[in-house]
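S.K.: sequence unknown, structure follows:
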Ligand SMILES: O=P(O)(O)OC[C@H]1O[C@](O)(CO)[C@@H](O)[C@@H]1O
């Protein structure tokens, strides 16, 4: 039945009609060098009008949020990331002054670093090691990659996990330059374990290289947090403020993103300006004239307001490959909620994945074209190919023409097989357009959350995982105590019994992990099944 409807649709959508739909429906802003095309989303005018009717309340909620309402009611917080690029809109003169002061301080600090007025143990800084996770790393990583160039003033590296091997990989690449590496530790809460571990690992590396850590360490955190206290008590080089009214996943235009970007030598004014310009366009309270509203409308339509279709991001530009990862957090941490604002169980969300075109064409695009129709694609097209002229790889054809051809071909092929797609086009990737893209999605997420009536600004689900991890670590010390205080080796069941714990499987996992790392002093004698494995002192 669905197939019949589809072929009817295909047969009545000739090229000329698609062209007319594209040309009349395209949202574009020449000044910003941006356009949004929904012509390949099968959404009838009546379906559009039905969704558009829900928008007035979404626009008004966003206006209240920008005016300083307690938009994140569960946490009793304002949601102010829009003020970061328009400080004059902040609800109080104090907040406006704080934002302006922070931007001023970021620039002054980074200039002093670049000018060699602030030196590392080994002289002028060459590198930045940013330590953070989630919103405290993804934005800086995305911006660093999207805007990197051979003119970068400092080379960027990241610890964005508590994986010891990943940490070692980064440390080994920095080994010869540790004495000229500025370490920027970013944590809004100041108590995130992965980030704390990264900081301790960096401190240990500095210590074993005989380099004082504090004079090369910078903290970005809320006043009074554990990280703030550490930075103060150890006399770190500098601390930048982070405010409770900026959420982690929307913090890239705060000190969280501005400090690393400015250290790298990127144009932070342009980043903020691009975001600010997009904010002005996405404040317009008419759906058809507001690109974020159009985007949210398409999401709502494609997933029937229940997130029933995944969002596949296909930026045709290597620089934007991390945008998919960045948006994964922005969209999924914001929209993935069990309860709506009335407390009803809704299990909302939109799954986001993607990497880049045309690379993905040789990976999962096969399934997109022919397999499960459980997604809508978002293509990101960049008109400018590169900074210099291109060679011809065929007569009259460049590599960039191929990239365009693969994008246009995939968009067409998907549509012809009944798959919807959105296309965002920007003139080029620069600080301005990156700022605008981020702001576009921030607002689209905010509007969509209003349409489905959820709080986009908290993340209660993440807390459950954090608590469970803390319990596992507590169980580890109990299990180790039992094993090392027993002469005979023990099964996981026996350890659990002696430790007075009921979660045998967790005890088994903990001990097997420890036994795989010889310095931890535990040995495993394999049995026929995990229940028969025995653990003892090494
Ligand atoms: O900046 P923090 O407080 O270290 O938090 C890091 C990340 O952890 C979360 O709180 C939960 O994963 C994210 O929202 C946040 O971006």
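M.R.: Yep, it's here. In this text the structure is predicted, and so the values were computed from the model without any measurement.

S.K.: show me what contacts residue 448?
M.R.: Neighbour list for residue 448: 296, 299-300, 335, 350, 456 [criterion: CB atoms under 8 Å, 6 or more residues apart in numbering]. Just so you know, the C-beta spots here come from the backbone N, C-alpha and C atoms, and that holds for glycine as well.

S.K.: got it, and residue 404?
M.R.: Taking CB under 8 Å, 6+ apart as the test, what residue 404 contacts is 316, 381.

S.K.: change the start of the numbering to 801 and stick with it
M.R.: Understood, numbering begins at 801; the last thing we discussed is residue 1204.

S.K.: which element is it on?
M.R.: helix 1199-1216 (DSSP states H and E).

S.K.: quick one: secondary structure of the residue most central in space within the chain?
M.R.: Geometric centre of the chain, nearest residue: residue 1126, 2.6 Å, by CA atoms, centre = their mean. At residue 1126 the chain is in helix, as set by DSSP: H, G, I helix; E, B strand; the rest coil.

S.K.: not counting sequence-adjacent ones, nearest residue to it?
M.R.: residue 942 (4.2 Å; CB to CB, 6 or more residues apart in numbering).

S.K.: neighbours around that neighbour, how many?
M.R.: 24 (other CB atoms under 10 Å).

S.K.: not counting sequence-adjacent ones, nearest residue to residue 1182?
M.R.: In this structure, residue 1182 finds its nearest non-sequential neighbour in residue 1117, 4.5 Å apart by CB to CB, 6+ apart.

S.K.: how about the contacts made by the one you found?
M.R.: Residue 1117 neighbours (CB under 8 Å, 6+ apart): 1156, 1180, 1182, 1229.

S.K.: what's the closest non-adjacent residue to the residue in the stretch 1151-1300 of the chain that the ligand sits nearest to?
M.R.: Closest contact between the stretch 1151-1300 of the chain and the ligand, by CB to the nearest ligand atom, is at residue 1262 (4.0 Å). Among residues not flanking residue 1262 along the chain, residue 1133 sits closest, at 7.2 Å (CB to CB, 6+ apart).

S.K.: kindly report the same for residue 1123.
M.R.: residue 1115 (5.6 Å).

S.K.: what ranges do the strands span in the stretch 1201-1338 of the chain?
M.R.: 1221-1226, 1322-1325, 1334-1337 (DSSP state E, counting those that start in this stretch).

S.K.: now do the residue nearest to the centre of the chain against the ligand, distance only.
M.R.: 11 Å (CB to the nearest ligand atom, to the nearest Å).

S.K.: that residue against residue 939, yeah?
M.R.: Yes - in this structure residue 1126 lies within contact range of residue 939 using CB atoms under 8 Å: 6.4 Å.

S.K.: model confidence over the longest helix seen in the chain, on average?
M.R.: When the chain is parsed with DSSP state H, its longest helix is helix 1260-1284. Average pLDDT, helix 1260-1284: 92.

S.K.: kindly report the residues of the protein close to the ligand.
M.R.: Contact residues, the chain versus the ligand (CB under 6 Å from any ligand atom): 933-936, 987-989, 992, 995, 1048-1049, 1133, 1259, 1262.

S.K.: hmm, which of those are the buried ones?
M.R.: Among those, those classed as buried by 16 or more other CB atoms under 10 Å are 933-936, 987-988, 992, 995, 1048-1049, 1133, 1259.

S.K.: closest to residue 1143 among those?
M.R.: Nearest to residue 1143 out of those is residue 1259 (CB to CB; 17.3 Å).

S.K.: if I look at that closest one, how far off is residue 874?
M.R.: Separation of residue 1259 from residue 874 (CB to CB, to the nearest Å) stands at 10 Å.

S.K.: which SSE is the residue of the stretch 1101-1250 of the chain found nearest the ligand in?
M.R.: Of all residues in the stretch 1101-1250 of the chain, residue 1133 sits closest to the ligand, at 5.7 Å by CB to the nearest ligand atom. Per DSSP H and E: residue 1133 is located in helix 1121-1135.

S.K.: what mean pLDDT does that helix get?
M.R.: Per-residue scores along helix 1121-1135 average to 98.

S.K.: a markdown table for the contacts of residue 1248, including neighbour count?
M.R.: What follows is those, written out as a markdown table (neighbours: other CB atoms under 10 Å):
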| residue | neighbour count |
| --- | --- |
| 1096 | 28 |
| 1099 | 27 |
| 1100 | 23 |
| 1135 | 20 |
| 1150 | 24 |
| 1256 | 28 |
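
S.K.: and of those, the nearest to residue 1044?
M.R.: For the contacts of residue 1248, the nearest to residue 1044 is residue 1256 (16.3 Å; CB to CB).

S.K.: ok, the closest one touching residue 1135?
M.R.: Yes - proximity of residue 1256 to residue 1135 meets the contact threshold set by CB under 8 Å, at 6.4 Å.

S.K.: show me what residue 1110 bridges to in the sheet.
M.R.: For residue 1110, the beta-bridge assignment (DSSP bridges) gives partners residue 1175.

S.K.: check contacts around residue 1243.
M.R.: By CB under 8 Å, 6+ apart, residue 1243 lies in contact with 862, 1078-1079, 1082, 1092.

S.K.: tell me the contacts of residue 1291?
M.R.: Contacts of residue 1291 (CB under 8 Å, 6+ apart): 1327, 1331-1335.

S.K.: so which of the residues you listed is surrounded by the most neighbours?
M.R.: The residue in the contacts of residue 1291 with the most neighbours, by other CB under 10 Å, is residue 1335 (26 neighbours).

S.K.: against the ligand, how distant is that residue?
M.R.: In terms of CB to the nearest ligand atom, residue 1335 sits 33 Å off from the ligand.

S.K.: ok, and the closest non-adjacent residue to that residue?
M.R.: Leaving aside its sequence neighbours, residue 1335 sits nearest to residue 1311 (CB to CB, 6+ apart; 4.6 Å).

S.K.: can you check residue 1084 too?
M.R.: Distances taken as CB to CB, 6+ apart put residue 1090 closest to residue 1084, at 4.5 Å, once the chain neighbours are dropped.

S.K.: and if you look at residue 831?
M.R.: Residue 831's closest residue in space is residue 1077 (CB to CB, 6+ apart), at 7.6 Å.

S.K.: got the angle between the strand or helix carrying that neighbour and strand 1221-1226?
M.R.: Taking DSSP H and E as the criterion, residue 1077 maps to helix 1068-1082. Calculated by axes from the mean of the first three to the mean of the last three CA atoms, to 10 degrees, helix 1068-1082 forms an angle of 130 degrees with strand 1221-1226.

S.K.: right, and the helix or strand after helix 1068-1082?
M.R.: Going down the chain from helix 1068-1082, the next helix or strand is helix 1091-1102, by DSSP H and E.

S.K.: in that next one, what counts as buried?
M.R.: Across helix 1091-1102, burial judged by 16+ other CB under 10 Å covers 1091-1102.

S.K.: tell me the helix or strand right after the helix holding residue 1133.
M.R.: strand 1152-1154.

S.K.: related to what we said a few turns ago, next one: the residue nearest to residue 1335 from residue 1326, what distance?
M.R.: 12 Å.

S.K.: what does residue 1037 give?
M.R.: Applying CB to CB, the value for residue 1037 to residue 1326 is 50 Å.

S.K.: between the two, which is the more surrounded one?
M.R.: residue 1037 (19 against 11).

S.K.: I figured that one hits residue 1018, correct?
M.R.: Yes - counting by CB under 8 Å, residue 1037 does reach residue 1018; the two are 5.7 Å apart.

S.K.: helices and strands of the protein: which one bottoms out on pLDDT?
M.R.: Lowest on mean pLDDT, DSSP states H and E among the helices and strands of the chain sits helix 802-811, with a mean of 46.

S.K.: got the angle for the next helix or strand after it vs helix 1091-1102?
M.R.: With elements assigned by DSSP H and E, the helix or strand that comes after helix 802-811 is helix 815-825. Using the same axes, to 10 degrees, the inter-axis angle of helix 815-825 relative to helix 1091-1102 is 140 degrees.

S.K.: got the angle between helix 815-825 and helix 1199-1216?
M.R.: Helix 815-825 runs at 110 degrees relative to helix 1199-1216, counting by the same axes, to 10 degrees.
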